[in-house]
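Pasting the sequence and the predicted model now:
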Amino acid sequence: MGVNSNKVENFSCRETNTTTDESVVVMPPMEIHSVSLPPHKTTLCKLRQRLGEIFFPDDPLHRFKNQSLGRKLLLGLQFLFPIFQWGPEYNLKLLRSDIISGLTIASLAIPQGISYAKLANLPPIVGLYSSFVPPLIYSILGSSRHLGVGPVSIASLVMGSMLSEAISPVDQPILYLKLAFTATFFAGLFQASLGFLRLGFIIDFLSKATLVGFMAGAAVIVSLQQLKGLLGIVHFTTKMQFIPVMSSVFSHREESMKRPKLFWVSAAAPLTSVILSTLFVFCLKSKGHGISIIGHLPKGLNPPSANMLYFSGSYLALAIKTGLITGILSLTEGIAVGRTFASLKNYQVDGNKEMMAIGLMNMAGSCSSCYVTTGSFSRSAVNYNAGAQTAVSNIIMASAVLVTLLFLMPLFYYTPNVILAAIIITAVIGLIDYRAAYQLWKVDKLDFLACLCSFFGVLFISVPLGLAIAVGVSVFKILLHVTRPNTLIMGNIPGTHIYHSLSRYKAATRVPSFLILAIESPIYFANSTYLQERILRWVREEEEWIKANNESMLKCIILDMTAVTAIDTSGIDLVCELRKMLDKRSLQLVLANPVASVMEKLHQSKALESFGINGMYLTVAEAVVDISSLWKSQP
């Protein structure tokens, strides 16, 4: 479809003055090109290509092409288990670095594991169990070299808040533990399924704005909840909202007066703080009756817990819902952290492999007395700074946790809970990112609104509802962009064939008798009515401007479809209906530069037949030049 005319006179040739002499800048004559259809493809071929772009944008099987059977088997093994990729090149130098980093993160993982388990209202020993099995599994399946695996504050907080709303961890500890393991199983199943089915784009609905607000709100709630340990309050609310927590603090002031003298002990170095405070309490055990301590922790490896998974009963829906939410949050954090440190060392992290690795380690963890784990930012940062080279650092950390489980458990008996509370506050306070919130305000007000909704929703309503509200705001933003796409009026930059927005480029000028409009989105059923109304409004406003300025009468509307990446049947109907409406007003509608998929659908629907030979052009400039020449040639 198009025209095959010869070169014509360029309407935009203009005279320009210089400081030395007057010269005429003559643009070279423009050749008018025809708009071609894309190469013919069968429906099956198109479907295969489209699905490939959706689910396999990275083409993960390209390395298997033109390889022998033995080589394919080796590549398949490396693809499924990344440890076989870097394992053959492992040496003592790398091991030395990994031992140092592994022992370093173990010093952080042990106190954090105990603390975060209490944050999830689970026995402290479960936090140590969760720092042993999952890191071992991840070191075999994961593709990140620096990710430090273990319990994290956000997932612990969400699990603790969601489960404790229905089940009391004090009155029904066994049932609570069963639900926690079951939620972990479903979190892992969901995560692994996303990786296997390559549906990772689902977690992209948790925008940066949503996560900034969510983590800030969660950090405040977590910190307030630790007032129980810091102030020594015994009767404290289990709710996770701002008002109940503050009410509990003020209604139990008499208990808080008994706060231990260790209130001001810093938790900047978690393991050091744990050791020193434990020794201090042990030395004062005859006089420290007011100090709350951890108490007995059982020695030994992770006991099996597959028989505790809760697959039937009235609380199954709660376990599934908790698993899905904690699974999404932990997966988002783990992949984000892994990619962050991979970019610093200039290597790639496969998102789908990470989903499967994190999912499988959580499924295995649920059968070995572990709760939801993922890549922790604090551990990963320590791991990176300590010089980790491979995932062996996770194996070293797990080995240190193993030694602790087998031999050192009695040493934690006198660890004061106030230190664990301080460790939690120190860890989560860094989640409040003021700079990111300010940047959101400067750049995108809707993103900032999503951030605020997430923050205040978590703070005053509940963790899952606050997150749901923020996701809702983000989805509303997407719908707003889809249903109300940007349209703009374009003009010619003098002396060129370039057309840009009149409001953006002051040098751009209107072309007499032409109204050039650009649509910057796909045309779907959701926005077709709006686009028709908006385009007709542009026409009306242009006619009013022409009348007010005594300009040439409007004759032609050109739609620049460069940014229209897709069109559906409603969009095609819009184009046809718009052409008819403008034709009744003696106005010509011309389409410029439709992309291949749009061109193909317009052709298949026979919508182009009504446009005639001068109804479609390759560029706006060619359309203006050719139509102008036709007007000049008419008597």
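Sure thing, it's come through. Remember, it's a predicted structure, so these values are computed and weren't measured experimentally.

contacts, neighbours, all on C-alpha from now
Will do.

Just give the nearest non-adjacent residue to N383, would you?
Once flanking residues are discounted, N383 sits nearest to S101: 5.3 Å by Cα to Cα, 6 or more residues apart in numbering.

Please identify which helix or strand holds the one you found.
helix 92-119 (DSSP states H and E).

Of all the residues in that helix, which ones are buried?
Buried residues in helix 92-119, counted by 16 or more other Cα atoms under 10 Å: 94-95, 97-119.

secondary structure element for the closest residue to I432 other than its chain neighbours?
Sequence neighbours aside, A216 is the residue nearest to I432 in space, at 4.3 Å (criterion: Cα to Cα, 6+ apart). Applying DSSP H and E as the criterion places A216 in helix 208-225.

Please apply the same query to L536.
helix 528-549.

tell me the angle the very next helix or strand once past that helix makes with helix 528-549.
Using DSSP H and E, the next helix or strand after helix 528-549 towards the C-terminus is strand 556-560. Here strand 556-560 runs at an angle of 130 degrees relative to helix 528-549 (axes from the mean of the first three to the mean of the last three Cα atoms, to 10 degrees).

How about exporting strand 556-560 as CSV, limited to the C-alpha atoms?
Provided in CSV are the C-alpha atoms of strand 556-560 (Å, rounded to 0.1, in the frame of the first residue of the first chain):
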residue,chain,number,x,y,z
CYS,A,556,-5.7,17.0,6.1
ILE,A,557,-5.1,15.2,9.4
ILE,A,558,-2.0,13.0,9.6
LEU,A,559,-1.8,10.4,12.4
ASP,A,560,1.8,9.5,13.2
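
partner strands of that strand, parallel or antiparallel?
Each strand paired with strand 556-560, and its direction, by DSSP bridges: strand 514-519 (parallel), strand 588-592 (parallel).

about what we covered before: so the residue nearest to I432 touches R435, yeah?
No - in this structure, A216 is not within contact of R435 by Cα atoms under 8 Å, at 11.8 Å.

contacting residues around S521?
Residues near S521 by Cα atoms under 8 Å, 6 or more residues apart in numbering: 482, 485-486, 563-565.

where does Y138 land in three-state SS?
Classification of Y138 using DSSP: H, G, I helix; E, B strand; the rest coil returns helix.

so who does it touch?
149, 357-358, 361, 391.

Apply 10 Å and report the result again.
When contacts are counted by Cα atoms under 10 Å, 6 or more residues apart in numbering, Y138 is found next to 81-83, 144, 147-149, 354, 356-362, 374-375, 391-392, 394-395.

now do L467
Applying Cα under 10 Å, 6+ apart, the residues near L467 are 206, 210-211, 213-215, 325, 329, 450-451, 453-458, 473.

who's H500 bridged to?
Residues in beta-bridge contact with H500 (DSSP bridges): G491.

Please report how far it lies from I489.
8 Å (Cα to Cα, to the nearest Å).

so what sits against both of these two?
516-518.

which stretches of the chain form strands?
Remark: strands assigned in the chain by DSSP state E are 14-17, 22-25, 148-150, 374-376, 487-492, 499-501, 514-519, 556-560, 588-592, 616-617.

can you give me how far the last one is from the chain middle?
On the basis of Cα atoms, centre = their mean, to the nearest Å, strand 616-617 sits 39 Å off its chain's mean C-alpha point.

What of stretch 76-92?
The mean C-alpha position of stretch 76-92 is separated from the chain mean by 29 Å, Cα atoms, centre = their mean.

repeat for stretch 523-535
On Cα atoms, centre = their mean, the centre of stretch 523-535 falls 29 Å from the chain's centre.

contact partners of it?
Residues contacting stretch 523-535 (Cα under 10 Å, 6+ apart): 479-489, 517-519, 521-522, 537-541, 557, 559, 561, 564-575, 577-578, 598.

what's the model's confidence in it, averaged?
Stretch 523-535 shows a mean pLDDT of 92.

Repeat that for stretch 152-159.
In the prediction, stretch 152-159 has an average pLDDT of 85.

Check stretch 112-123 too.
86.

quick one: it to chain centroid distance?
27 Å.

which of the contacts of stretch 523-535 count as buried?
482-485, 487-489, 517-519, 521-522, 538-539, 557, 559, 561, 564, 566-568, 570-575, 578, 598.
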